[in-house]
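# coordinates only, no sequence provided:
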C-alpha cells in the first residue's frame, strides 16, 4: 500500500487450464487486500489471469502491478527482504504474524502462494513457512487472511487512484459511481 | 464451531465446470475457518465439490457437514436466524462486523456466497449485504476474511475430532501425524 514498504505476491505451481481461475483470484485478492504487485510465472500460462487483473485495475483503480517472471526460484532467491511462503505445513499464523509485521516495517515482503505441489526448495528459501490453519483449504483464502492480518485491517480503507468505477457501499442493491476524469 | 451457535455457508450461482474448483474451495474454506456446514445447490452440479470436502473431513477430522439443497432461495427464506450475503456491493465489513457478531451470539447464522450473477432476491432476503472491500476479487477470499473476523481468530485454534491425519506445524518441511484410533 502507499506509504508502506512493498508487498508482492508470487504465484507458483500454476497448472495451465486447471488452475486458471484460482490464479486469477490470487491476483485479484492480492490487489483488493493491500498488496502492491502480483508476480506470475510464465508468459503463456498466466495470460488469462494477467489480463483479468489488469482489466480490473484499469476499471477500479490502482496502483497495482501485474508482472511475469521467468524463474520463480530466482525471484525468491534474489528477493531483497523477507519471504513468507503460505503452506498448510507451516508455523501457525497466529504465532508468527507479529514477528512478520515487525520485519515488514523495514523492507519489501514477498508472499509466495502455491498450488498443487510446491518444490522443497521453496520451503528452504522462505524465511517463514506459514499456515493459515494446518488444514487443507484454499491458497486464495490463506492469502486473504494473511494479508488482512499483516495490514491489521488497514487495507480495507485503502484508496484507489485513477478508478473509472467506484462502488458505493449499500445495505441493499448495487450502486456504482463513475468518477469524473 | 463446537459450543457456539451454528454457522452455515450457502454457495449460490454455481456454474457447472467453470466454477467447480472455486465451489470446492468455498467448502474447504468454510470447514477450515470455523463454519459448521456447507450447503450446495443441486445434487449433480456440486458432486465434485461435495466429494472433495467430504474426503478432507474424513481424513482431517470434523465435525463438518456437507449438504445439498434443492432451492437456495427457500433455504434463505426459511432460515431461522440472521442471513449475511457477501457481495462487493454491500456495506463495509469493518462497519457492520460488530453488529453481526452480536446477533450471532443468539442463533444460527447463514453466510451466502455467490458466483457470477446473484439474483436480486438474495440481496433483498439477506439481513446484511456485506462487502469485504468494495472491489472485485474472490468469493473465497471474502468468505475467509469474514469468518476470521466473525470468530475473531478463535477458529484458528479449533480442535478436530476423528482425524486420521494431523499436520504438525513446522518452520521448514512437512510433518504429518497419524493419531492412533
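Thanks, I have it. Owing to the predicted nature of the structure, the values given are computational and were not obtained by experimental measurement.

# mind checking the pLDDT average for the helix or strand hosting residue A:9?
Secondary structure from DSSP states H and E places residue A:9 in strand A:7-11. Across strand A:7-11, the average pLDDT comes to 98.

# how distant is that strand from the center of its chain?
5 Å (Cα atoms, centre = their mean, to the nearest Å).

# list the buried residues of that strand.
Counting neighbours by 16 or more other Cβ atoms under 10 Å in any protein chain shown, one finds that the buried residues in strand A:7-11 are A:7, A:8, A:9, A:10, A:11. For glycine as for every other residue, the C-beta is placed from the backbone atoms N, C-alpha and C.

# got the contact list for the first one?
So that's residue A:7. Under the criterion of Cβ atoms under 8 Å, 6 or more residues apart in numbering or on different chains, the contact list for residue A:7 reads A:1, A:34, A:35, A:36, A:37, A:104, A:108, A:109, A:111, A:147, A:150.

# of the residues you listed, which belong to strands?
Under the assignment DSSP state E, those contribute A:37, A:109, A:111 to strands.

# from chain B, how far off is the second one?
Summarising the geometry, the distance separating residue A:109 from chain B, computed by Cβ to the nearest Cβ, to the nearest Å, is 18 Å.

# what about the residue nearest the centre of chain A, which SS state?
Residue closest to the average C-alpha location in chain A (Cα atoms, centre = their mean): residue A:30, at 3.1 Å. Three-state call for residue A:30 (DSSP: H, G, I helix; E, B strand; the rest coil): helix.

# so what pLDDT did it get?
98.

# centre of the chain to the lengthiest strand in chain A, how far?
Longest strand of chain A, by residue count under DSSP E: strand A:83-92. Centroid displacement of strand A:83-92 relative to its chain, using Cα atoms, centre = their mean, is 14 Å.

# which SS class is the nearest residue in space to residue A:56 that is not next to it in sequence?
Spatial nearest neighbour of residue A:56, excluding adjacent residues (Cβ to Cβ, 6 or more residues apart in numbering or on different chains): residue B:136 at 5.5 Å. State at residue B:136, reduced to three classes by three-state DSSP: coil.

# also the one 4 residues further on?
Assigned state for residue B:140: helix (three-state reduction, three-state DSSP).

# helix or strand: which one has residue A:129?
Element membership for residue A:129 (DSSP H and E) is strand A:128-131.

# now for that strand, which elements pack on it?
strand A:83-92, helix A:93-104 (3 or more Cβ pairs under 8 Å, 6 or more residues apart in numbering or on different chains; DSSP states H and E).

# quick one: low-confidence ranges for chain A?
A:180-181 (pLDDT under 70).

# repeat the analysis, applying 90 as the threshold.
For chain A, the stretches flagged by pLDDT under 90 are A:1-3, A:13-19, A:41-46, A:105-107, A:115-117, A:179-181.

# related to what we said a few turns ago, in the sheet, who's paired with the residue lying closest to the residue nearest to the centre of chain A once chain neighbours are set aside?
Excluding the flanking residues, the one nearest residue A:30 by Cβ to Cβ, 6+ apart is residue A:9, at 4.0 Å. On the basis of DSSP bridges, residue A:9 is bridged to residue A:38, residue A:111.

# wait, isn't residue A:9 in contact with residue A:111?
Yes. Look at residue A:9 against residue A:111 with Cβ atoms under 8 Å: they come within range, at 4.9 Å.

# shared neighbours of those two, which are they?
A:30, A:35, A:143.

# in stretch A:59-78, what's buried?
Per 16+ other Cβ under 10 Å, stretch A:59-78 contains these buried residues: A:60, A:61, A:64, A:65, A:66, A:69, A:72, A:75, A:76.

# export these as JSON lines, with columns for distance to residue A:118.
As requested, those are arranged in JSON lines below (distance: Cβ to Cβ, whole Å):
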{"residue": "A:60", "distance to residue A:118": "30"}
{"residue": "A:61", "distance to residue A:118": "32"}
{"residue": "A:64", "distance to residue A:118": "24"}
{"residue": "A:65", "distance to residue A:118": "23"}
{"residue": "A:66", "distance to residue A:118": "21"}
{"residue": "A:69", "distance to residue A:118": "16"}
{"residue": "A:72", "distance to residue A:118": "10"}
{"residue": "A:75", "distance to residue A:118": "14"}
{"residue": "A:76", "distance to residue A:118": "11"}
